[in-house]
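Asks: predicted model and sequence below, questions to follow.
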Amino acid sequence: MMKMTKMNLHKTAGLAGLMTLLAISAGSSLAEQTAGVVDVSTLMRIRDAALKSDYAYERLTELTDQIGPRLSGSLGAEAAVTLVAEGMRRDGLQVSLPAVKVPHWVRGIETAELVEYAHRPAGLTQKVVLTALGGSAATAAAGLTAPVVIVHSEEELQQRAAEIKGRIVLFDVAYDQHLADNGHAGEAYGDAGWIRFYGPARASRLGAAAALVRSVGGADYRLPHTGMTGWDGAAPIPAAAVTAEDAMLMSRLAAKGAIQLHLTLTPQTLPDADSHNVIGEIGGSDKAAEIVIVSGHLDSWDLAQGAIDDGAGLAAALGVADVFQQLGLKPRRTVRIIGWMNEENGVRGGKAYFAANQLQHHFAAIESDIGGGRPLGLIASVSRENESQFAALKPLLRSIGAPLFERHEYAGGTDIGALTASGVPAFEPLLDTRSYFSYHHTPADTLDKVEPENLRRQVALLAMLTWYLAEMPSELKHLPAVADEE
Ligand SMILES: [Zn+2]
């Protein structure tokens, strides 16, 4: 269920009609503003075709309703490879399926009960809602029972190092929805997500029996939020995310006395599985050796359909190719549509691509992996001197209500992270993400969370950007290489 305010905002009828009006009234001034750079009438045709097409939404519906969850190594992930490759072939793209070995982690039983706390009525236990984190180890089949130590930061964990051995550590770090409501969802996620990724390994090093984190995200319907945790050489221990509500309950009870939890988690790490990236190409003309990537990821977490993470981003990339094919457009540079495998728990697809491809052939890379919210503009990892070369694109962005062009060096999607860190100019859509982390990685990441109109606008945004990059007469400078964080 979308928030009421968003529903109201997005239920305005007839955007395509409005766009036509805009095109007519603003056409000449747009043409003047962008003269001599990239053909404006083509960009307008791309925009108008995208705003009329539900191709991306149809592909998204297939991915979510026909296949559903697509965690690496699962049947769903392989079905997504087949489905997306078939769609690209139907659309006339040159398709290849480079092999990628992926981690194969499967969820098992996941239950927990508070079995001891101050003033507990005799015989009573309380259920705690949780879900295992990707990479979690298992408890014994019968579970484990241990006292819970609650900390609020890495520093507090280290200060209380002597208390950790044999205990269950709960990292009670809240996601800041206020930041998200004000356009900083990524920062809010990064802040609370850090402890999910690094906390359990640090608890393991101090001898903890298990680690719990408070779910990262704004969900307030007692939904647990999964995601990857990293071990970085530490011995894996059972690790799970409890709902924000259950983290708060445990904190209230712990303020009154010692608490104990009975925890059962039975996930398994199976041998690595064979999988694929999916690449569909539209060959370029006079600059065919230069590549523009437009991409999203095929895999998703296993709790839901992965509609916003990242069905929407992948479908938008497929929509870009469809618009070009529909209009019979032949770009100057080669446009490579990529569905990445294994973004969620290993980034093996992005890494394999980086290892197998020549960096210098990459003109630019786009990845959409921030949901299906309404587009507000673009984030661009380009050099300061190259920013002015996008001036001609800005009136077109404005014409779809997405005028922001924010330059953030080395920003961009995880799968293209190695390319971006090597200096390849990188782009991502800037979307309304106020509610993104309420659903992302939860059982509620389902198709109904994507408004078709927002997805049409995202395709329009990415298609205009892709065409602009594929056609621009000047070269873009690569940024100096930095270490890749992933
Ligand atoms: Zn994602």
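Replies: Yes, it's here.

Asks: CA atoms for contacts and neighbours, from now on please.
Replies: OK.

Asks: strands along the stretch 101-250 of the chain, start to end?
Replies: 110-116, 126-127, 130-132, 144-151, 168-171, 210-214, 239-242 (DSSP state E, counting those that start in this stretch).

Asks: which of those sits most buried?
Replies: For these, the largest average neighbour count (mean count of other CA atoms under 10 Å) is found in strand 239-242, namely a mean of 30.

Asks: which elements pack onto it?
Replies: The contact analysis (3 or more CA pairs under 8 Å, 6 or more residues apart in numbering; DSSP states H and E) places strand 239-242 against strand 130-132, strand 210-214.

Asks: ok, Ser136 to Tyr353 distance?
Replies: Between Ser136 and Tyr353 the distance is 27 Å, computed by CA to CA, to the nearest Å.

Asks: quick one, which of those two is more surrounded?
Replies: Remark: of Ser136 and Tyr353, Ser136 carries more neighbours, 27 against 19, as counted by other CA atoms under 10 Å.

Asks: residue contacts, that one?
Replies: By CA atoms under 8 Å, 6 or more residues apart in numbering, Ser136 lies in contact with 229, 236-240, 267.

Asks: then Val95?
Replies: Val95 sits next to 85, 88-89, 278-281 when contact means CA under 8 Å, 6+ apart.

Asks: again, 6 Å this time
Replies: Shown in contact with Val95 (CA atoms under 6 Å, 6 or more residues apart in numbering): 279-280.

Asks: does it belong to a helix, a strand or coil?
Replies: Assigned with DSSP: H, G, I helix; E, B strand; the rest coil, Val95 falls in the strand class.

Asks: surely Leu447 touches Ile308?
Replies: No - using CA atoms under 6 Å, Leu447 is not in contact with Ile308; the gap is 7.5 Å.

Asks: who's more crowded, those two?
Replies: Neighbour count, other CA under 10 Å: between Leu447 and Ile308, Ile308 has more, with 29 against 23.

Asks: CA atoms of stretch 55-65 as CSV?
Replies: Once non-C-alpha atoms are left out, stretch 55-65 reads as follows in CSV (Å, rounded to 0.1, in the frame of the first residue of the first chain):
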residue,chain,number,x,y,z
TYR,A,55,6.3,-2.4,-22.0
ALA,A,56,8.4,-2.0,-18.8
TYR,A,57,5.4,-2.6,-16.5
GLU,A,58,4.5,-5.7,-18.4
ARG,A,59,8.1,-7.1,-18.1
LEU,A,60,7.9,-6.2,-14.4
THR,A,61,4.6,-8.0,-14.0
GLU,A,62,6.1,-11.1,-15.5
LEU,A,63,9.2,-11.0,-13.3
THR,A,64,7.1,-10.5,-10.2
ASP,A,65,3.9,-12.4,-10.7
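
Asks: where does the prediction get shaky in the protein?
Replies: Applying pLDDT under 70 to the chain flags residues 1-36, 485-486.

Asks: what residues go with each domain of it?
Replies: Split into domains by automatic domain parsing, the chain comes to 12-103+272-471, 108-266.

Asks: give me whichever of the ones you listed is most buried.
Replies: Greatest average neighbour count among the domains of the chain goes to domain 12-103+272-471 (a mean of 22), per mean count of other CA under 10 Å.

Asks: centre of the chain versus that one, how much separation?
Replies: 12 Å (CA atoms, centre = their mean, to the nearest Å).

Asks: ok so, going back, what's the closest of the helices and strands packed on strand 239-242 to the ion?
Replies: Nearest of the helices and strands packed on strand 239-242 to the ion, taken as CA to the ion: strand 130-132 at 18.0 Å.

Asks: which one is Arg47 nearest to, not counting chain neighbours?
Replies: In space, and not counting its chain neighbours, Arg47 is closest to Ala460: 4.9 Å by CA to CA, 6 or more residues apart in numbering.

Asks: residue ranges for the helices of the stretch 101-250 of the chain, please.
Replies: For the stretch 101-250 of the chain, the helices defined by DSSP state H, counting those that start in this stretch cover 154-159, 177-181, 185-205, 244-254.

Asks: typo on my end, it should be the stretch 251-400 of the chain
Replies: 312-326, 348-356, 394-399.

Asks: next secondary structure after the last one?
Replies: Sequence-wise, the next helix or strand beyond helix 394-399 is strand 404-407, with elements assigned using DSSP states H and E.

Asks: which of the contacts of Ser136 sits closest to the ion?
Replies: Nearest to the ion among those is Thr229, at 14.9 Å by CA to the ion.

Asks: residue closest to the middle of this structure?
Replies: Most central residue of the chain, judged by C-alpha distance to the mean C-alpha position with CA atoms, centre = their mean, is Asp369 at 3.7 Å.

Asks: could you pull up phi and psi at that one?
Replies: Backbone torsions of Asp369, given as degrees, to the nearest 10, read phi -150, psi 50.

Asks: mind putting the helices of the stretch 251-400 of the chain in a markdown table, distance to the ion included?
Replies: Output for the helices of the stretch 251-400 of the chain, formatted as a markdown table (distance: least, CA to the ion, whole Å):
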| stretch | distance to the ion |
| --- | --- |
| helix 312-326 | 8 |
| helix 348-356 | 13 |
| helix 394-399 | 24 |
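
Asks: distance to Trp105 added to those helices, as TSV?
Replies: As requested, the helices of the stretch 251-400 of the chain are exported to TSV (distance: least, CA to CA, whole Å):
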stretch	distance to Trp105
helix 312-326	23
helix 348-356	14
helix 394-399	41
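
Asks: so which of those comes closest to Asp176?
Replies: Across the helices of the stretch 251-400 of the chain, the minimum distance to Asp176, taken as CA to CA, is reached by helix 312-326, at 24.3 Å.

Asks: give the other helices and strands that that closest one contacts.
Replies: Using 3 or more CA pairs under 6 Å, 6 or more residues apart in numbering; DSSP states H and E, the elements in contact with helix 312-326 are helix 55-61, strand 287-297, helix 452-471.

Asks: could these go into TSV alongside distance to the ion?
Replies: Shown next, in TSV, are the helices and strands packed on helix 312-326 (distance: least, CA to the ion, whole Å):
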stretch	distance to the ion
helix 55-61	14
strand 287-297	7
helix 452-471	16
